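Colleague: With the input below, show me the fold.
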Amino acid sequence: MKTIGLILAIAVVIACAWAIRYAIYHCFGLMASVAYMTVVIIGLAWTIYEMKHAPMSDE
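Modeller: Numbers count the residues shown, from 1 in each chain. Below is the predicted model of the structure:
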């Protein structure tokens, strides 16, 4: 169940990031859009890494 929640959360973040990227592209151009999506992807990768390596607690 935790995996399904994680997948849904990632899907929502990607959908929102894609919409913001579209707005940035039309306001600031391609390079700003690429930079923004790079930051989002790095952030997602780091979050997933931290979640997989965090100590599991039953408390």
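
Colleague: So for residue 58, what pLDDT did the model give?
Modeller: What the model reports as pLDDT for residue 58 is 50.

Colleague: Can you show me the helices along the protein?
Modeller: Taking DSSP state H as the criterion, the chain carries its helices at 2-28, 30-53.

Colleague: Generate a markdown table for these, with mean pLDDT as supplementary columns.
Modeller: Shown next, in a markdown table, are the helices of the chain (pLDDT from 0 to 100):
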| stretch | mean pLDDT |
| --- | --- |
| helix 2-28 | 85 |
| helix 30-53 | 87 |
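
Colleague: As JSON lines, those with mean neighbour count would be great.
Modeller: No exception for glycine: its C-beta is placed from N, CA and C like everyone else's. Formatted as JSON lines, those follow (neighbours: other Cβ atoms under 10 Å):
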{"stretch": "helix 2-28", "mean neighbour count": "12"}
{"stretch": "helix 30-53", "mean neighbour count": "12"}
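
Colleague: got the contact list for the residue nearest to residue 20 when sequence neighbours are not counted?
Modeller: Among residues not flanking residue 20 along the chain, residue 36 sits closest, at 7.0 Å (Cβ to Cβ, 6 or more residues apart in numbering). The contact partners of residue 36, by Cβ atoms under 8 Å, 6 or more residues apart in numbering, come to 17, 20, 21, 24.
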